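Student: sharing a model prediction with you, sequence too.
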Amino acid sequence: MFECRNLTVTRGGKPVLTEVSLTLKAGQFIVLLGENGAGKSTLLSAICDDIPYHGEILWRDAPLNTMDPLTLATQRAVLLQHNRVNFAFNTTELIAMGRYPYQESPNEQAAVVDQLINQLALEQLASREVTQLSGGEFQRAQFARCLAQLNAHDPGTRNKLMLLDEPTSALDLHHQHRVLSAAQRFAHQGNTVIAVLHDLNLASLYADRILLLDKGQIRSDGPPQDVLRRDVLQPIYQTGMQINLHPGYNIPMIFSEPLTGAPNA
Ligand SMILES: Nc1ncnc2c1ncn2[C@@H]1O[C@H](COP(=O)(O)OP(=O)(O)OP(=O)(O)O)[C@@H](O)[C@H]1O
C-alpha cells in the first residue's frame, strides 16, 4: 500500500501541488493525466524525495524516505522524463545498471538482461552506445533498466513501486503497446505502477485507475469510464471532443476536434 497525505509542494514561490492525498493499492496500473504544468512530474519527484515537500509519503506504512538506499534501489524504480545521459555505455550495460543492487554472478545478471532485451525487442541495439540511440530506442532501454531493477522477470515479484514519467512519449505505436503491456503486466503481478501519460486513449486502454491532476489538485479519480468523460475533460483540456465506446473493449475512446472546427481547414 502506498499513501500520500496532504502533499504540498511550492516551486519558484508558487504552489504546484496543494494538499494532495491518495492511497494506492498494489496490483494496479495507475495513470496520471493532466494538462502541461498540472503538477504530474512534481508529484513523481516528491515521491522520489528529489524535491522538498510538506505532508507525508508512506509506503508499506512507513515514511518512504526512511527506507535505506540499497533496499530502496531494489524496491522502487523511476523512469524520468528528461534523462538523456552522456556516458559511453552500451544498451546492455545500461540495462545491467538496474542489477547493481543485487548480489548475483555475471552469468545470472546476463540472463536477466538478455531476457529483457528480448522482451523489449532491443537485440539490434544491445551493443550500441546509448548516446547514439534515438529518443524512442533510449526510452525503451531505460524502461528495460527499470524492469531489471525491480526483478520484473520473476513472476513472484510483489509489492514494488515503478514510477514512469511519460514512458511512451517518444515511442511508435507498436512500442507504446509493448511498453505499456509490460508495465501493466508487472502491476497486475502485485506491484504498483504509476505512469504519467498524455495520450487519453492509451490511458483508457491500460489504466485500472486514472488520477486527473489540475493545477496541483486531483480533480477526478477512478476507473477510465468515470474519469474519461466529456464534462470532466473538456474544461481541463479546452478542446472539443466526442467520446464513444471502443467497439472491441467497451471502454471510452476520445475523438478530439481541431480548433479550426473542421479537419484540414
Ligand atoms: N524547478 C522548478 N522551478 C520553478 N517552477 C517549476 C520547476 N519545475 C516545475 N515548475 C513549475 O511547476 C509546475 C508543475 O510542473 P510539472 O513539471 O510538475 O508539470 P507536469 O504536469 O509534469 O507538466 P508537463 O505535462 O508539461 O510535463 C509548472 O508550472 C512548472 O512551470
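Tutor: Yep, that arrived. Model, not experiment: these values are computed from the prediction. Residues are numbered from 1 along each chain as shown.

Student: what ranges do the strands span in this protein?
Tutor: In the chain, the strands defined using DSSP state E lie at 2-11, 14-24, 28-34, 54-59, 62-63, 76-79, 161-165, 192-196, 209-214, 217-222, 241-245, 252-256.

Student: lowest average confidence across the ones you listed, which one?
Tutor: Of all the strands of the chain, the minimum mean pLDDT falls on strand 62-63 (a mean of 90).

Student: gap between it and the chain center?
Tutor: 22 Å (CA atoms, centre = their mean, to the nearest Å).

Student: within range of the ligand, give me the residues from the protein.
Tutor: 11-12, 16, 34, 36-42 (CB under 6 Å from any ligand atom). The way it works is simple: take the backbone N, C-alpha and C, and place the C-beta from them, glycine included.

Student: CSV for the strands of the chain, including mean neighbour count?
Tutor: Shown next, in CSV, are these (neighbours: other CB atoms under 10 Å):
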stretch, mean neighbour count
strand 2-11, 18
strand 14-24, 16
strand 28-34, 23
strand 54-59, 16
strand 62-63, 10
strand 76-79, 22
strand 161-165, 23
strand 192-196, 26
strand 209-214, 22
strand 217-222, 17
strand 241-245, 13
strand 252-256, 16
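
Student: out of the ones you listed, which gets nearest to Glu129?
Tutor: The closest of those to Glu129 is strand 76-79. By CB to CB, the value is 19.8 Å.

Student: re earlier: farthest pair in the residues of the chain next to the ligand?
Tutor: Gly12 and Gly34 (18.5 Å).

Student: quick one: closest of the strands of the chain to Pro101.
Tutor: Checking these against Pro101 by CB to CB gives strand 76-79 as the closest, at 10.3 Å.

Student: just the C-alphas of the closest one, formatted as CSV.
Tutor: The C-alpha coordinates for strand 76-79 follow below in CSV (Å, rounded to 0.1, in the frame of the first residue of the first chain):
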residue,chain,number,x,y,z
ARG,A,76,11.4,1.4,-6.4
ALA,A,77,12.5,2.3,-9.9
VAL,A,78,12.0,5.5,-11.8
LEU,A,79,11.9,6.4,-15.5
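
Student: so what secondary structure elements neighbour it?
Tutor: Secondary-structure packing of strand 76-79 (3 or more CB pairs under 8 Å, 6 or more residues apart in numbering; DSSP states H and E): helix 135-149, strand 161-165.

Student: and the first one, average pLDDT?
Tutor: Translated: helix 135-149. The pLDDT scores in helix 135-149 average 95.

Student: what's the angle from that helix to strand 161-165?
Tutor: 170 degrees (axes from the mean of the first three to the mean of the last three CA atoms, to 10 degrees).

Student: what distance separates helix 135-149 from the centre of its chain?
Tutor: Offset of helix 135-149 from its chain centre (CA atoms, centre = their mean): 12 Å.

Student: and that helix, what's buried?
Tutor: Buried residues in helix 135-149, counted by 16 or more other CB atoms under 10 Å: 136-149.

Student: repeat that for stretch 170-181.
Tutor: Neighbour-count burial for stretch 170-181 [16+ other CB under 10 Å]: 171, 175-176, 178-180.

Student: among the residues you listed, which are in helices?
Tutor: 175-176, 178-180 (DSSP state H).
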